[in-house]
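Colleague: compute the structure for the input listed below.
(one chain, ligands or ions: 1)
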Amino acid sequence: MTQPTFTRSWVACANGHRDFPLQNLPLGVFSIKGSAPRSGVAIGDYILDLHAALDAFEGEARRAVDATAGGQLNAFFELGRGPRVALRERLLELLAEGSQLQAREAEVLHLAADCQMHLPARINDYTDFYVGIEHAQNVGKLFRPDNPLLPNYKYVPIGYHGRASTIRPSGTEVRRPKGQTLPAGQTEPTFGPCARLDYELELGIWIGQGNAMGDSIAIGDAAEHIAGFCLLNDWSARDIQAWEYQPLGPFLSKSFITSISPWVVTAEALEPFRKPQPARPEGDPQPLPYLLDNRDQKAGAFDIELEVLLTTASMREQNLPAHRLALSNSLHMYWTVAQLVAHHSVNGCQLQAGDLFGTGTLSGPQPGQFGSLLEITEGGKKAIELASGEVRKFLEDGDEIILRARCSRDGFASIGFGECRGTVVAAR
Ligand code: CA
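Modeller: Next up, the predicted model:
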């Protein structure tokens, strides 16, 4: 079998790059040496400065670049698919071998390691769903061994409104939250630092064009309203959550921080990795008509490999490799991303460009595929043994969680999402 040949980039390190080859071209917002945040495109180990290269764009592509000004991508997201595709096509020309832009390399490229990444957009609203059915079953079994899923799960994409003000880019430290918890066997709560701090492996979905309040986004149009994807860590204080969550759901157990990877991987970059939505198990209900679209069922899922790694302060001091906590996949979603958009807006709720959705924890069914410590340790019953000799049931101060995502398919260049990192620091 002959190896496929891919268009090569004059940015040599981009060719075969783990995350950011020419075929990815995610957008983000960065700053360098204290300058104002501005928009860029990841290419290999570098960032293409869109403002510095502005005169290389015209027409729809120029309109797209202009909309990325001001250090946030909301206006660009709002433009929708046409200008986004025009920008991608022009970037593919400009960064391919033979482009005249190479002569301006020093002016338009920055080494990513010298730059600071910011949130890519102003996030007005954040909603976290619960569509990882294996996670829902794994967690449900801890509380209801015979009946892990509640009766609504296979009809309604479950979600709750999260806190947008505490979403932060990868690398932001995670301050251990304080709160009320109910000690085992007690009837009165105590107050103090969370003792059961956890992470959740999720994908983030960036909303593009929104809808007017009162209107709904039809399932057949819903994919057009998605601007891109990122990694999302829904840090969770399990002891606070267990005491507060009934009857209205998670609140302070989730709102202290949510971390995301800073690069927006576009729907166009993910196109080769689309898959049919996995068939529902025998006996499951069909989605209601407002959630069912033939094209969405045929190509609305994504094959994205998801990984969670842990290092402790001691492991880093000893130069021990990170411990892989999970390897999972986005195909464990019971609902497609288009179904989430259609459901969220079906009541007339207004979505706006730059809104962020979390998918919910994307666990697989097998050990080694679980996307939270709650599942891996069965609620703190089983300890994880690390190469340093340490054990973990939940996260301790100094622990770092690293999320990664990667898409591979024969005949196509592999692309990645970069990383979503966070290190736990002591409660204040
Ligand atoms: Ca979650």
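
Colleague: and for the closest residue to the ion within the stretch 151-300 of the chain, the neighbour number?
Modeller: Relative to the ion, the nearest point of the stretch 151-300 of the chain is Asp234 (3.6 Å; Cβ to the ion). In short, each C-beta sits where N, CA and C put it, glycine included. Look at Asp234: counted by other Cβ atoms under 10 Å, it has 24 neighbours.

Colleague: likewise Gly71?
Modeller: By other Cβ under 10 Å, the residues close to Gly71 number 17.

Colleague: quick check: it vs Thr361, distance?
Modeller: Per Cβ to Cβ, to the nearest Å, Gly71 is found 31 Å from Thr361.

Colleague: do Phe77 as well
Modeller: Phe77 is 25 Å from Thr361, by Cβ to Cβ.

Colleague: same deal with Val425?
Modeller: From Val425 across to Thr361, the span is 23 Å (Cβ to Cβ).

Colleague: do Asn152 as well
Modeller: Distance, Asn152 to Thr361, using Cβ to Cβ: 18 Å.

Colleague: of those two, who's got more company?
Modeller: Set Asn152 next to Thr361 and count neighbours by other Cβ under 10 Å: Thr361 wins out with 30 against 9.

Colleague: residues in contact with the more buried one?
Modeller: When contacts are counted by Cβ atoms under 8 Å, 6 or more residues apart in numbering, Thr361 touches 130, 132, 135, 200-202, 234, 371-372, 375.

Colleague: same question, Ala223
Modeller: Applying Cβ under 8 Å, 6+ apart, the residues near Ala223 are 267, 296, 300, 337-338, 341.

Colleague: what is the most widely separated pair among those?
Modeller: Farthest-apart pair in those is Ala267 and Asp296; separation 12.9 Å (Cβ to Cβ).

Colleague: do I have it right that Leu325 meets Ser363?
Modeller: No: Leu325 is beyond contact range of Ser363, at 11.0 Å (criterion: Cβ atoms under 8 Å).

Colleague: the more surrounded of the two?
Modeller: With neighbours defined as other Cβ under 10 Å, Leu325 and Ser363 compare such that Ser363 has more, 28 against 21.

Colleague: which pLDDT value belongs to that one?
Modeller: pLDDT for Ser363: 98.

Colleague: do the same with Leu231
Modeller: pLDDT, Leu231: 99.

Colleague: same question, Phe6
Modeller: 82.

Colleague: do the same with the one 10 residues further on
Modeller: Here the pLDDT value assigned to Gly16 is 95.

Colleague: go on, Gly34?
Modeller: With respect to pLDDT, Gly34 has a value of 83.

Colleague: neighbours of the closest residue to Leu142 other than its chain neighbours, how many?
Modeller: With sequence-adjacent residues excluded and distances taken as Cβ to Cβ, 6 or more residues apart in numbering, Leu142 is closest to Gly379, at 5.0 Å. Gly379 has 17 neighbouring residues, counting by other Cβ under 10 Å.

Colleague: so Pro26 touches Gly40, yeah?
Modeller: No: judged on Cβ under 8 Å, Pro26 makes no contact with Gly40 at a distance of 9.6 Å.

Colleague: which one's more surrounded, these two?
Modeller: Applying other Cβ under 10 Å to Pro26 and Gly40 shows that Gly40 carries more neighbours, namely 29 against 25.

Colleague: number of nearby residues for Leu356?
Modeller: 24.

Colleague: oh, that last question was meant for Gly398, not what I typed.
Modeller: Around Gly398 there are 16 other residues, counting by other Cβ under 10 Å.

Colleague: what of Pro120?
Modeller: The tally of other residues near Pro120 (other Cβ under 10 Å) stands at 32.

Colleague: can you pull the contacts of the residue of the stretch 1-150 of the chain found nearest the ion?
Modeller: Of all residues in the stretch 1-150 of the chain, Asp128 sits closest to the ion, at 4.7 Å by Cβ to the ion. Neighbouring residues of Asp128 by Cβ under 8 Å, 6+ apart: 159-160, 162, 202, 234, 254, 357-358, 360.
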